[in-house]
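Trainee: I need the structure of the sequence given here:
(chains A and B)
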Amino acid sequence: MSPYVLALLLFSLGLGTTMTFASSHWLLAWVGLEINTLAILPLMARNHHPRAVEAATKYFLIQAGGAAVLLFAGTTNAWLTGQWDIQQATHPLPVAILTLALALKLGLAPLHSWMPEVFQGLDLTTGLVLATWQKLAPLALLLQIQPANSPLLILMGLASTLIGGWGGLNQTQLRKILAYSSTAQLGWMVLVLQFAPSLTTLTVLVYIAAATATFLTLKLTKATSINMLAISWAKAPALVALTPLVLLSLAGLPPMTGFMPKWLILQELSKQNLAPAATLAALTALLSLYYYLRLTYAMTLTMFPNNIAGTPPWRLPSQQLTLPLACLAIATISLLPLTPAAVPLVAL
Amino acid sequence: MSLPKLARLPSARLLTSVLPHHQLLLPPLSPLTIPCRTKIQQDYRRPGQPRVKRNPLNFNFSKGIEGIKKHFTLMKDEFFGRWVGPEGKPLIEHLLEQNLVIWEFRGPESLEQWTVSSDQEIGGQSEAHLKMGRNDITCFLHGKLSCTIPKDGETRYSGYCSMRSKIPKASFDRKKHYDWTSFNTLHLRVRGDGRPWMINIATETYFSHQKDDIYTYFLYTRGGPYWQEVKIPFSKFFLSHRGRIQDDQHPIWLDKVNTIGFTLGDKAEGPFQLEVDFVAVSKDYAHTEEFAYEMYERNPKD
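Mentor: You can find the predicted model right below:
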């Protein structure tokens, strides 16, 4: 791809998200979301493989549909309340439609079916952008329309953690596993949205760090399936020793950073007298933990008797920058002691 | 031994051959009936010909009960297989396996997974039949290739015969795919007649334009009484669409393979035969090539 075109597309990606962040009118928010969608489509279809084109088509249909429903809900809210302001979305019907539209754009259960197929058709870099950057704009809107006492958000959150854990259980393709992982993590974010939005923001930040570290690891070891992960010990031994900690941080195990948001979310849910929801969320996290542990088992804890397939890795060192991966991996593993600084967020 | 006629369509009945798949519910015409692709899938309807009315549904209660049992058994196996591991096997097997036999012909029921077709669909005169080989341990595809062009004013080429595997089905006839990402080589044991065959692999597609996208490579048979073990890396397969090799090539993605087939179209009239012992996939650690064909820059700037 020409560097000018790439620069334009990346700029548009940033512009779209920033517009949505900065907007207070539904139309401008919709424009930002559409710019985001249209900017990432050439990046997804850059590789002319039919699966990449299929992923781009499915992504476009889903996102365009979600954005259209979002605009429809914003218009309905303006019709019913006279307000185009995002934070003045008060009528319950448009708010419900908005929530569903944003859930479709994010990939929350039960509107998550597009995620595994789309991720599978993409290369790891575009998948990383999809899993992290593309979630920011819809989450920003969801944070602003947070309905009070909405069972819909809690149900979607629990469904996402359950389906994200259950669906990833028997996958051998890493991109599909990360898609289901993304759904599960989004479930946690949405569970606490209406009670402590700042916790949602914290969860998003921790997830972005962990997911970026995971995607960059897979990119460096050129692993797209569990089998390829099993032989990555020869390509980057130190990274292979560190990656289980990153994966377990994604799973939410102490003493890694990933435990922080889950702990605070469970605490907040208990304070809101939602102990059954908290219990169910914690139990469904075990399902996700199972496939993270499976990746850890295949990558680090076992050394397979198979010889190395593929080009001898020690002759072709990776050209990928390692500084972002190093910083994010350390951040993902060792920031749990900062939890007391995060606790006041809950009180806000 | 006279062969069942089901695999051959007389040209007089070509236009009136029926389409619907529920014909499979009818009792078989002979003890060994090889499903013919034109009876199961859409028959070739020449442009301008009137559409054929389908036969009314033949309701059979006992077949319905058998169908219910079969589908619910499959669903139960899928559900409990999920607890075991990917594709119903433990993960350790998936990680360690280096060879996997996909099709081996060890009884007449193995032929039900294959369909046979020839250019009789478009009005040609080739014949293709599939039966079990000697001692019921191989499959035997044989027939007669005829390059006579149908006299319909629009067909310019003719003369092909093929056998193709059916798409694997999960419970309630949902499509399932083969996941061959752990492997990089196709391993066959065949005994041919010296003719060049083509191996066609079809993967799952999304757009209807890609329906006939097939990844092809050649199988040069040696003929003679000795078996031939053929190992073809998947990196050698190139993309073709309806027989035309495409300019924009890419390696085959092995995570959603639907069918594999053997086609003969070497423009040599006469009898042919191909005996297949097994079709397997394997992992060749010495083969490190990702794709055998490099793309050159079309329309260079200078």
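Trainee: Residue of chain A nearest chain B, please.
Mentor: Nearest to chain B in chain A, going by C-beta to the nearest C-beta, is residue A:54, at a distance of 3.9 Å. (Glycine included, C-beta is placed from N, CA and C.)
Trainee: That residue belongs to a strand?
Mentor: No: under the criterion used here (DSSP: H, G, I helix; E, B strand; the rest coil), residue A:54 is helix, not part of a strand.
Trainee: Could you find the closest non-adjacent residue to it?
Mentor: In this structure, residue A:54 finds its nearest non-sequential neighbour in residue B:206, 3.9 Å apart by C-beta to C-beta, 6 or more residues apart in numbering or on different chains.
Trainee: For that neighbour, give me its contacts.
Mentor: Applying C-beta atoms under 8 Å, 6 or more residues apart in numbering or on different chains to residue B:206 gives the contacts A:50, A:53-54, A:57-58.
Trainee: how about those residues, which pair is most distant?
Mentor: Spanning the widest gap among these are A:50 and A:58, at 12.3 Å by C-beta to C-beta.
Trainee: which one in the contacts of residue B:206 is the model shakiest on?
Mentor: Note: of the contacts of residue B:206, the lowest pLDDT belongs to residue A:50, at 91.
Trainee: hang on, the earlier thing: can you tell me the SS state at the residue nearest to residue A:54?
Mentor: Quick answer, by three-state DSSP: residue B:206 is coil.
Trainee: Got the phi and psi for it?
Mentor: Dihedral pair for residue B:206: phi -110, psi -50, per degrees, to the nearest 10.
Trainee: From residue A:117, how far out is the residue of the stretch 201-302 of chain B found nearest chain A?
Mentor: Using C-beta to the nearest C-beta, residue B:206 is the residue of the stretch 201-302 of chain B that sits closest to chain A, at 3.9 Å. Remark: distance between residue B:206 and residue A:117 (C-beta to C-beta, to the nearest Å) = 9 Å.
Trainee: what residues do these two have in common as contacts?
Mentor: Each of A:54, A:58 lies in contact with both residue B:206 and residue A:117 under the rule C-beta under 8 Å, 6+ apart.
Trainee: Between the contacts of residue B:206, which sits nearest residue B:111?
Mentor: Looking across the contacts of residue B:206 and measuring by C-beta to C-beta, the closest to residue B:111 is residue A:50, at 31.3 Å.
Trainee: Nearest residue to the closest one in space, please, no chain neighbours.
Mentor: Here the residue nearest residue A:50, using C-beta to C-beta, 6+ apart, is residue B:210, at 5.8 Å.
Trainee: What is the neighbour count of the one you found?
Mentor: The number of residues packed near residue B:210 is 16, by other C-beta atoms under 10 Å in any protein chain shown.
Trainee: Could you do residue A:2 as well?
Mentor: As a burial measure, residue A:2 scores 7 neighbours (other C-beta under 10 Å).
Trainee: go on, the one 4 residues further on?
Mentor: Counted by other C-beta under 10 Å, the residues lying close to residue A:6 total 13.
Trainee: same thing with residue A:275?
Mentor: By other C-beta under 10 Å, the residues close to residue A:275 number 12.
Trainee: out of everything not next to it in sequence, what's closest to it?
Mentor: Counting by C-beta to C-beta, 6+ apart, the residue nearest residue A:275 is residue A:269, at 7.3 Å.
Trainee: can I see the domain layout of chain A?
Mentor: Following the TED database, chain A resolves into domains at A:1-146, A:149-347.
Trainee: can you pull out the strands in the stretch 151-300 of chain B?
Mentor: For the stretch 151-300 of chain B, the strands defined by DSSP state E, counting those that start in this stretch cover B:161-165, B:185-191, B:196-203, B:213-220, B:228-233, B:238-241, B:244-245, B:257-264, B:270-282.
Trainee: Could you figure out how far the first one is turned away from strand B:213-220?
Mentor: Using axes from the mean of the first three to the mean of the last three C-alpha atoms, to 10 degrees, one finds that strand B:161-165 and strand B:213-220 are set 120 degrees apart in direction.
Trainee: Each with direction, which strands does strand B:161-165 pair with?
Mentor: In the sheet, strand B:161-165 lines up against strand B:114-118 (antiparallel), strand B:257-264 (antiparallel) (DSSP bridges).
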